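Enquirer: Predicted model follows, preceded by the sequence.
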Amino acid sequence: MLIRYVLSPEAEIVPDIANKLPGRGVYTCFNMGCAKKAVEKDLFSKSLKQAVKHESAEMLCANIARCMEDRISSYIALANKAGKVVSGSDMVMENLRKNTLQAKLALLANDISEDIGFKIGNLADVNGITYYSLFDRNRLGELLGKGLRSAIVVQGEGFVVSLIREIERYRDFLRGEGCSL
């Protein structure tokens with residue numbers, strides 16, 4: 001998996017997470033270490049054969065992470081609009097206990113209480129449902145247009161497949177320590 005970057009009209013490097021921006025692209029491995037090395041060694045300028053403007057390595061990585069978080073957020077919000085999200089720890093646990101096979105993915109807030117997180121994680125494991133810890137309670141609530149939310153369950157195969165793919169890409173990017181540039 002690779003991250004594509006394009007050159008803006010102002011000669012700035014722009015990460016193209018969705019691979020949809022126009023223009024010639026240059027690529028790095030899909031991890032933070034590789035993106036940092038590309039900035040530090042000025043590989044974008046070398047690949048594009050012209051001087052380019054770019055942020056610091058840390059700023060570029062933060063920008064990429066933010067873009068990826070925004071993609072995940074938009075999938076969650078879209079699933080919610082489609083009525084495919086159950087939210088709140090009690091409703092999530094009830095949904096997981098009933099195991100109606102509609103629950104396909106559980107998302108736990110990073111700042112969920114340890115006890116509730118443990119209970120929901122165990123219920124998801126017992127029922128073979130994938131779960132991740134992602135965002136904080138405030139952000140999960142905002143995505144649903146509600147108050148604080150400790151956990152949500154996403155239903156609907158299409159949403160779940162897309163969310164898992166994006167979450168795994170995000171985690172791979174954050175985990176990536178380096179590459180052999």
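Expert: Structure's in. What do you need?

Enquirer: helices or strands next to the biggest helix by length in the chain in the packing?
Expert: If you go by DSSP state H, the chain has its longest helix at helix 57-81. Here helix 57-81 touches strand 13-16, helix 32-40, helix 137-144, strand 151-155, helix 157-175, going by 3 or more CB pairs under 8 Å, 6 or more residues apart in numbering; DSSP states H and E. Any C-beta I mention is one placed from the backbone N, CA and C, and that applies to glycine too.

Enquirer: List the strands paired with the fourth one, with their directions.
Expert: This means strand 151-155. In the sheet, strand 151-155 lines up against strand 85-87 (antiparallel), strand 103-108 (antiparallel) (DSSP bridges).

Enquirer: Quickly list the domain ranges of this structure.
Expert: 2-68, 69-175 (automatic domain parsing).

Enquirer: Can you lay out those domains as a markdown table showing mean pLDDT?
Expert: What follows is the domains of the chain, written out as a markdown table (pLDDT from 0 to 100):
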| stretch | mean pLDDT |
| --- | --- |
| domain 2-68 | 91 |
| domain 69-175 | 90 |
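
Enquirer: Output those as JSON lines; include the columns mean neighbour count.
Expert: Below are the domains of the chain laid out as JSON lines (neighbours: other CB atoms under 10 Å):
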{"stretch": "domain 2-68", "mean neighbour count": "16"}
{"stretch": "domain 69-175", "mean neighbour count": "17"}
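
Enquirer: then the helix or strand residue 44 falls within to CSV, C-alphas only?
Expert: Under the criterion of DSSP states H and E, residue 44 resides in helix 43-48. Only the C-alpha atoms of helix 43-48 are listed here, as CSV (Å, rounded to 0.1, in the frame of the first residue of the first chain):
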residue,chain,number,x,y,z
LEU,A,43,12.7,13.2,-2.2
PHE,A,44,9.6,15.0,-3.4
SER,A,45,11.7,17.5,-5.3
LYS,A,46,13.9,14.8,-6.7
SER,A,47,11.0,12.7,-7.9
LEU,A,48,9.1,15.7,-9.5
